[in-house]
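>>> Need coordinates for the below:
(2 chains)
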Amino acid sequence: GDSVTQMEGPVTLSEEAFLTINCTYTATGYPSLFWYVQYPGEGLQLLLKATKADDKGSNKGFEATYRKETTSFHLEKGSVQVSDSAVYFCALSDGSASKIIFGSGTRLSIRP
Amino acid sequence: DVKVTQSSRYLVKRTGEKVFLECVQDMDHENMFWYRQDPGLGLRLIYFSYDVKMKEKGDIPEGYSVSREKKERFSLILESASTSQTSMYLCASSIPQGTGDTQYFGPGTRLTVL
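Now for the predicted structure:
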């Protein structure tokens, strides 16, 4: 079945460092891809998404490009802030479009 | 803004008790979901509903049931709670759009079963 694999955490960076969180997926069709973020004590919220190959999703300085040839959707940010400390989930929607399959999450901690 | 609320942030129950977790959304969304979140496992879908009185099993429905009598409310029921059901429970809702529906999440209920 469809699945998502993302890099294990925790990831600890200094403020203003460059961030990459790797995500690869397995799917039989043409899924939509998402990054959700969970700040401490909160539920998940959508960070960005891409619905077809070569689309780039972006929000709050984060970017991810839907790469069909490498089945990847890596999350990047050029300069992280302490407020970016959170758990990040890569996800895909299956053929039904309404259901989402989540990766295991990557905890990110940013040092001042 | 979409708002999804859950009845409790923290809940402590005893083994064998019947437990009700309530979720309410205020944006007239057709779809509603219940997940459990465990460290290292991400989110796993328990049940979802795409309309009033309609429900479908997710990946881990065993030990759970659901009820959706009104469009805005989706309840998760643990018929006889066990310690293995200690977890964070997240509710979400969405509008079916055909491509990459965005799900909106509540803050979660951390359930401890003693």
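>>> what about the strands in chain A?
Ranges of strands within chain A are A:3-6, A:11-14, A:19-21, A:23-26, A:32-38, A:44-50, A:56-59, A:62-65, A:75-77, A:86-93, A:100-102, A:106-111, based on DSSP state E.
>>> right, so of the ones you listed, which gets closest to chain B?
strand A:32-38 (2.8 Å; C-beta to the nearest C-beta). Every residue, glycine included, has its C-beta placed from N, CA and C.
>>> Check which helices and strands that closest one sits against.
strand A:23-26, strand A:44-50, strand A:62-65, strand A:86-93 (3 or more C-beta pairs under 8 Å, 6 or more residues apart in numbering or on different chains; DSSP states H and E).
>>> Tell me what angle that strand forms with strand A:106-111.
50 degrees (axes from the mean of the first three to the mean of the last three C-alpha atoms, to 10 degrees).
>>> so where's the chain uncertain?
No chain specified, so I'll use chain A. Scanning chain A for pLDDT under 70 picks out A:95-97.
>>> wait, I meant chain B there
Residues of chain B that meet the cut-off, pLDDT under 70, sit at B:2.
>>> what's near enough to touch the residue lying closest to A:Ser72 once chain neighbours are set aside?
In this structure, A:Ser72 finds its nearest non-sequential neighbour in A:Thr24, 5.0 Å apart by C-beta to C-beta, 6 or more residues apart in numbering or on different chains. A:Thr24 is in contact with A:4-6, A:70-73, counting by C-beta atoms under 8 Å, 6 or more residues apart in numbering or on different chains.
>>> want to throw these into TSV with neighbour count?
Shown next, in TSV, are the contacts of A:Thr24 (neighbours: other C-beta atoms under 10 Å in any protein chain shown):
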residue	neighbour count
A:Val4	23
A:Thr5	15
A:Gln6	24
A:Thr70	8
A:Thr71	16
A:Ser72	17
A:Phe73	29
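>>> Pretty sure A:Leu108 is one of the things A:Asp84 touches, is it not?
Yes - with contact defined as C-beta atoms under 8 Å, A:Asp84 counts as touching A:Leu108 (6.4 Å).
>>> any idea which of the helices and strands packed on strand A:32-38 is most buried?
Neighbour counts (mean count of other C-beta atoms under 10 Å in any protein chain shown) averaged over each of those peak at strand A:86-93, with a mean of 24.
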